[in-house]
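Colleague: Show me the folded form of this:
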Amino acid sequence: MSKAKFLKGASRRSLLQQFGAAAIGVSFAGGLSACGRGGGGRTVNFYNWDTYIGPTTLDDFREATGVPVNMSLFATNDELFARLRAGNPGYDVIVPSNEFVTRMSEAGMLQELDHSKIPNMANLLPEFQDASFDPGRRYSMPYTWLVLGIGYNKEAVAAKGVPTPNSWRYLFDSPIFSQRLSLLSESADLIRLCAKYQGISLNGIPDSNLATIEQMLIRQKPHLKQFHQDNGQDLLAAGEVDIVLEYNGDMAQLMSAEGGDRFDFLVPQEGTLINSDCLCIPTGAPNPDDAHAFINYLLDPEAGKKITEEIQFPTPNRAVRDLMPESYRTNTVIFPPADVMAKSEYGEFEGDERARLYEEIFTRISAA
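Modeller: Residues are numbered from 1 along each chain as shown. Below you'll find the model as predicted:
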C-alpha cells in the first residue's frame, strides 16, 4: 500500500491515527477492550506490535469467518512477557520475537499448535519451516523476520562529517551526535548489539564484556535524546533526532513515504541481531480454534501480501514473497546484503536469570 505521508505517532511495526481505534478494534494500554472480554460471542483477542498489520486484515478476516478481531498493542517483548507472566488475561494470539518464544514456551506460557489447523504453513520458505528456537514449530509460526540497524537523516549526518555511519560506534560510543540520537529500549537487544560492536558473539557474552558494555552506555547516556519504545523512525520524521537504532521494516516504511528520500538505513559493518516475530497461542487462550484459523489466515498469500505491502518487513512466506514486486524483493533496506547478514546472528534465550540480568543492566543505565 503506497502511503501518501508517514504517520506521526506510528511505530514499529499508527494505524490508530489513520483509521481510528474503533475501525480496527484496537484497545489501548495493552489491555482488552470490552468487546474482547467475553460474553458477546466469538472473538479473537490479538496482542500485537503497533503498525504490524494490514489496513484491512482484521476486517477481511471477520468477513471471511464471521469472527471479529480485537487487537491490543504492546511496545516491547519485555512488556509482552510481563503482561502474561501472571497468567493469560484473555489473549488468543500474540506476537513474541524468537527468543521470547523459547522463554515463554519453557515457562509453560504457550499452547502447542495443531498444524493440521494451519495448512498455510506449507507457504513458508523452507528455512522457516523449522526453527532452532522452536524445534518442529511446536509453539510458533513465523510472521516476519527483521534486523536492527542505523536509521538516519542523510543531510544532518553528513553535516557532522559522517556521510555513512557504518559502525555501531556512532550510536554507542561517540559524542558526535550528542542529543540528536536515540536508542531502542529493548534491554537484551541493546546489550547484544553492543557485544557485536565489541567484536564478539551476541550470545554467551562474558561477564567482563557485560561490565564494559554497561559502563560504555552509561558514558553515552548524556548524549542520548531518549531511549525510545520502537518509534525511532517517528523521531527522525519529526526532526527530533538525526540518527536512531531501529528496525529495517520501520525505516523502509519511512523511506517509502512522502519526504522519505531524506533518510537512509544500513546494518553496520560489525553485523547485527536478527529477529523473527512469531504468531503464538498463549496458554489459556479462550478461543483456540479461532486462534488457529486467524494464524492460518495471516499465512494466506493474498492476506500476507496486503500485510507486507503495509508494514514493509521481510516476509518468511514464499507465496507472499512471490506476489510482491521486484522493488520489494531487491530492496537492500528490507533485505540487507549477504556479506552483512553473514556477520549477523539470532539471539538465543539463555535462561531467566540471564534475561533478568539484562533488564537490571538496562535499569541501571536508564537511571544513570
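Colleague: Give me the distance between the longest helix seen in the chain and the centre of its chain.
Modeller: Assignment by DSSP state H gives helix 352-367 as the longest helix of the chain. Between the centre of helix 352-367 and the centre of its chain there are 20 Å (C-alpha atoms, centre = their mean, to the nearest Å).
Colleague: which helices and strands does that helix pack with?
Modeller: Other helices and strands packing on helix 352-367, by 3 or more C-beta pairs under 8 Å, 6 or more residues apart in numbering; DSSP states H and E, are helix 187-197, helix 207-220. All C-beta spots, glycine's among them, are computed from the backbone N, C-alpha and C.
Colleague: What is the burial count for residue 323?
Modeller: Residue 323 has 17 neighbours, counted by other C-beta atoms under 10 Å.
Colleague: and the nearest residue to it once chain neighbours are set aside, what does it touch?
Modeller: In space, residue 323 comes closest to residue 305 once its chain neighbours are excluded; the distance is 4.6 Å by C-beta to C-beta, 6 or more residues apart in numbering. Contact analysis of residue 305 by C-beta atoms under 8 Å, 6 or more residues apart in numbering lists 320, 323-324.
Colleague: same thing with residue 304?
Modeller: 123, 298, 315, 317, 319-320.
Colleague: That one sits in which helix or strand?
Modeller: helix 301-311 (DSSP states H and E).
Colleague: now swap in residue 296 and tell me
Modeller: helix 288-298.
Colleague: thinking again about what came up before, name the residues that touch the longest helix of the chain?
Modeller: Residues contacting helix 352-367 (C-beta under 8 Å, 6+ apart): 78, 103, 107, 185, 187-188, 190-191, 210, 213-214, 217-218, 221, 227, 349.
Colleague: quick one: which of the contacts of residue 305 sit in helices?
Modeller: Reading helices off those with DSSP H, I get 320, 323.
Colleague: how about the strands of the stretch 51-200 of the chain, start to end?
Modeller: 69-74, 93-94, 141-153, 181-184 (DSSP state E, counting those that start in this stretch).
Colleague: So which of these is nearest residue 253?
Modeller: Nearest to residue 253, of all the strands of the stretch 51-200 of the chain, is strand 141-153, at 10.6 Å by C-beta to C-beta.
Colleague: What is the closest one packed up against?
Modeller: helix 232-237, strand 243-247, helix 248-256, strand 263-266, strand 273-279, helix 288-298.
Colleague: what are the pairing partners of the second one, and which direction each?
Modeller: The one in question is strand 243-247. In the sheet, strand 243-247 lines up against strand 141-153 (antiparallel), strand 181-184 (parallel) (DSSP bridges).
Colleague: Ok, the shortest one next?
Modeller: Partners of strand 263-266 in the sheet, by DSSP bridges, are strand 141-153 (antiparallel).
Colleague: could you give the angle of the partner strand to helix 187-197?
Modeller: Counting by axes from the mean of the first three to the mean of the last three C-alpha atoms, to 10 degrees, strand 141-153 lies at 60 degrees to helix 187-197.
Colleague: how much distance is there from strand 141-153 to the middle of the chain?
Modeller: 7 Å.
Colleague: buried sites along it?
Modeller: Buried residues in strand 141-153, counted by 16 or more other C-beta atoms under 10 Å: 141-153.
Colleague: With stretch 227-238 instead?
Modeller: 227-237.
Colleague: could you give me the average pLDDT of that stretch?
Modeller: Rounded to a whole number, the mean pLDDT of stretch 227-238 is 92.
Colleague: Dump the strands paired with strand 243-247 to JSON lines, plus distance to residue 334 and mean pLDDT.
Modeller: Formatted as JSON lines, these follow (distance: least, C-beta to C-beta, whole Å; pLDDT from 0 to 100):
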{"stretch": "strand 141-153", "distance to residue 334": "9", "mean pLDDT": "97"}
{"stretch": "strand 181-184", "distance to residue 334": "19", "mean pLDDT": "96"}
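Colleague: Of the ones you listed, give the one that comes closest to residue 247.
Modeller: Using C-beta to C-beta, the nearest of the strands paired with strand 243-247 to residue 247 is strand 141-153, at 5.0 Å.
Colleague: Dump the C-alpha coordinates for the closest one into CSV.
Modeller: The C-alpha coordinates for strand 141-153 follow below in CSV (Å, rounded to 0.1, in the frame of the first residue of the first chain):
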residue,chain,number,x,y,z
MET,A,141,4.5,-19.7,13.2
PRO,A,142,6.8,-17.1,11.7
TYR,A,143,5.1,-13.8,10.9
THR,A,144,8.1,-11.7,9.8
TRP,A,145,11.9,-11.6,10.2
LEU,A,146,13.8,-8.4,10.8
VAL,A,147,17.1,-6.8,11.6
LEU,A,148,18.2,-3.8,13.7
GLY,A,149,20.4,-1.2,12.2
ILE,A,150,21.0,2.6,12.0
GLY,A,151,18.4,4.9,10.5
TYR,A,152,19.5,8.4,9.9
ASN,A,153,18.8,11.8,8.2
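Colleague: burial of residue 55, as a residue count?
Modeller: Residue 55: 17 neighbours (other C-beta under 10 Å).
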